[in-house]
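Asks: quick one, fold the following:
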Amino acid sequence: QVQLVESGGGLVQAGGSLRLSCAASGRTFSTYSMDWFRQAPGKEREFVATISWSGSRSSYASPVKGRFTISRDNAKSTVYLQMNSLKPEDTAVYYCHASLPAEGDYWGQGTQVTVSS
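Replies: Numbers count the residues shown, from 1 in each chain. Below is the predicted model of the structure:
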């Protein structure tokens, strides 16, 4: 079992920044990759970013590339999402996610990000 707890969401003006955190527990954090997803009202959940277990590789969805940065601190069992140049269309509930072989998917409870224009 893996438990994921997000934090750091809030209300920010367009052009501003936020940093989301996701604290993991229950399995050795440094053995699995981590992802961020988001879900806007009335829309399906969509992929935002992923980072490898070591942190050496990451990739991003096109809408956030160049503005968002995913990182992790394995000593703290935490993954981060630095969000800069935020736009109103970034408004969504943001979820961290882990997929462990033979175990399946784990999701956090989500954290709300609201970007005002």
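
Asks: how far away is Ala98 from Ser54?
Replies: Using C-beta to C-beta, to the nearest Å, one obtains 15 Å as the distance from Ala98 to Ser54. Where you see a C-beta, it was placed from the backbone N, CA and C, and this is true even at glycine.

Asks: which of the two has more neighbours?
Replies: Applying other C-beta atoms under 10 Å to Ala98 and Ser54 shows that Ala98 carries more neighbours, namely 22 against 11.

Asks: hang on, that one is in a strand, isn't it?
Replies: Yes. Residue state for Ala98 (DSSP: H, G, I helix; E, B strand; the rest coil) corresponds to a strand.

Asks: by mean pLDDT, flag the weakest helix or strand of this structure.
Replies: Lowest by mean pLDDT, DSSP states H and E among the helices and strands of the chain is strand 104-107, with a mean of 93.

Asks: just the CA atoms of the next helix or strand after that strand, as PDB, please.
Replies: As assigned by DSSP states H and E, the chain's next helix or strand after strand 104-107 is strand 111-116. Output of strand 111-116 as PDB, limited to C-alpha atoms (Å, rounded to 0.1, in the frame of the first residue of the first chain):
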ATOM      1  CA  THR A 111      -5.500  19.700  -4.100                       C
ATOM      2  CA  GLN A 112      -7.400  22.600  -5.700                       C
ATOM      3  CA  VAL A 113      -5.600  25.100  -7.800                       C
ATOM      4  CA  THR A 114      -7.500  28.200  -8.900                       C
ATOM      5  CA  VAL A 115      -6.000  30.800 -11.300                       C
ATOM      6  CA  SER A 116      -7.900  34.000 -11.600                       C
END
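
Asks: buried residues in strand 111-116?
Replies: By neighbour count with 16 or more other C-beta atoms under 10 Å, strand 111-116 contains the buried residues Thr111, Val113, Val115.

Asks: what number of residues lie near the closest residue in space to the first one that isn't next to it in sequence?
Replies: Leaving out its chain neighbours, the residue that sits closest to Thr111 by C-beta to C-beta, 6 or more residues apart in numbering is Gly9, at 3.4 Å. The local packing count at Gly9 equals 18, with neighbours defined by other C-beta under 10 Å.
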